[in-house]
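> can't give you the sequence, but here's the structure:
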């Protein structure tokens, strides 16, 4: 009865997770293997797929698609950033990164309590999902 239902639910979650990782992982793998413009196109397609998965996770209130969408979207954005960043002069890149770190510190310092509360609210909401 109840134990069998829980087992089926867990099996369904594992199967869903595997399907999501397979779908997004194939696009991510293609973007890593390809070169130049083709790699960028695959990474852009991964962004679209990941945003779709993230949206699905939010609308269906499912944790796995939501987290997978965030992880793969972040990965694809980072991969899309690699080529342009490699083309920039290293000193300019270090200067920009330094300014971004200072800006992030100032934001975190000034809005620490608000960001902590927003983070807790988001975590509580995601934990309430199945």
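Arrived safely. None of these values were measured; they are calculated from a predicted model.

> Could you look up the next helix or strand downstream of the lengthiest helix in the chain?
What stands out as the longest helix in the chain, according to DSSP state H, is helix 2-33. Once helix 2-33 ends, the next helix or strand along the chain (criterion: DSSP states H and E) is helix 36-60.

> Report the distance from whichever strand or helix holds residue 86 to the chain centre.
If you go by DSSP H and E, residue 86 is part of helix 63-87. Averaging C-alpha positions (CA atoms, centre = their mean, to the nearest Å) puts helix 63-87 6 Å from its chain's average.

> again with stretch 102-113
22 Å.

> now do stretch 36-52
The answer for stretch 36-52 is 13 Å, by CA atoms, centre = their mean.

> just to revisit the earlier point, the helix holding residue 86 packs against which elements?
Here helix 63-87 touches helix 2-33, helix 36-60, helix 112-127, going by 3 or more CB pairs under 8 Å, 6 or more residues apart in numbering; DSSP states H and E. The C-beta positions use only the backbone N, C-alpha and C, and glycine is treated the same way.

> Outside of it itself, list whatever touches it.
13, 16-17, 20-21, 24-25, 27-28, 31-32, 39-40, 43-44, 46-47, 49-58, 93, 126-127, 129-130 (CB atoms under 8 Å, 6 or more residues apart in numbering).
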